[in-house]
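**Student:** One predicted model, sequence on top.
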Amino acid sequence: MGQADILRALWTSARRVACAVLAGLVRRHRAEDLEKRIGALPAPEQGAIVLAVLGGLMVVSLLFAQGGVVGMLAFLLLVVLVIN
């Protein structure tokens, strides 16, 4: 398993997570549909979408981390509810 295979698997996982988060926020679209639509876009646009979603998750997690353990637990609960 080469470096290209590892990066491809990492990219696929990141895109799948971003699609799941977007599908949780926009309830009228399923994650599979969003993944197909994002997969049809050119690579730079896919990268921008995935980085924006994952970057937003990181910023929100840092904000919730200011609340300590309770804040992080609330963040994890929020993520579970959104992705459900």
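**Tutor:** Nice, I can see it.
**Student:** where do the strands sit along the protein?
**Tutor:** Per DSSP state E, the chain carries no strands over any range.
**Student:** so where's it uncertain?
**Tutor:** Judged by pLDDT under 70, the chain has no weakly predicted residues.
**Student:** so where do the helices sit in the chain?
**Tutor:** 3-25, 31-39, 43-65, 68-83 (DSSP state H).
**Student:** Dump the ones you listed into a markdown table; add mean neighbour count as well.
**Tutor:** Using the backbone N, CA and C atoms, a C-beta is placed for each residue, glycine as well. Listed next are those as a markdown table, based on neighbours: other C-beta atoms under 10 Å:
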| stretch | mean neighbour count |
| --- | --- |
| helix 3-25 | 14 |
| helix 31-39 | 15 |
| helix 43-65 | 13 |
| helix 68-83 | 12 |
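**Student:** need the contact list for the most centrally placed residue in the chain.
**Tutor:** With distances taken as C-alpha atoms, centre = their mean, Ala18 lies nearest the centre of the chain, 2.6 Å away. Neighbouring residues of Ala18 by C-beta atoms under 8 Å, 6 or more residues apart in numbering: Ile38, Ile49, Val50, Val53, Leu54.
**Student:** And for Asn84?
**Tutor:** Gly24.
**Student:** if I look at Ala40, how far off is Ala23?
**Tutor:** As defined by C-beta to C-beta, to the nearest Å, Ala40 lies at a distance of 16 Å from Ala23.
**Student:** Can you dump the C-alpha atoms of stretch 27-34 in PDB for me?
**Tutor:** Extracted in PDB, the C-alpha atoms of stretch 27-34 (Å, rounded to 0.1, in the frame of the first residue of the first chain):
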ATOM      1  CA  ARG A  27     -32.100  17.600   5.900                       C
ATOM      2  CA  ARG A  28     -33.700  17.600   2.400                       C
ATOM      3  CA  HIS A  29     -30.700  15.900   0.900                       C
ATOM      4  CA  ARG A  30     -29.300  12.500   1.800                       C
ATOM      5  CA  ALA A  31     -25.600  11.900   2.400                       C
ATOM      6  CA  GLU A  32     -25.300   9.600  -0.600                       C
ATOM      7  CA  ASP A  33     -26.800  12.200  -2.900                       C
ATOM      8  CA  LEU A  34     -24.500  14.900  -1.700                       C
END
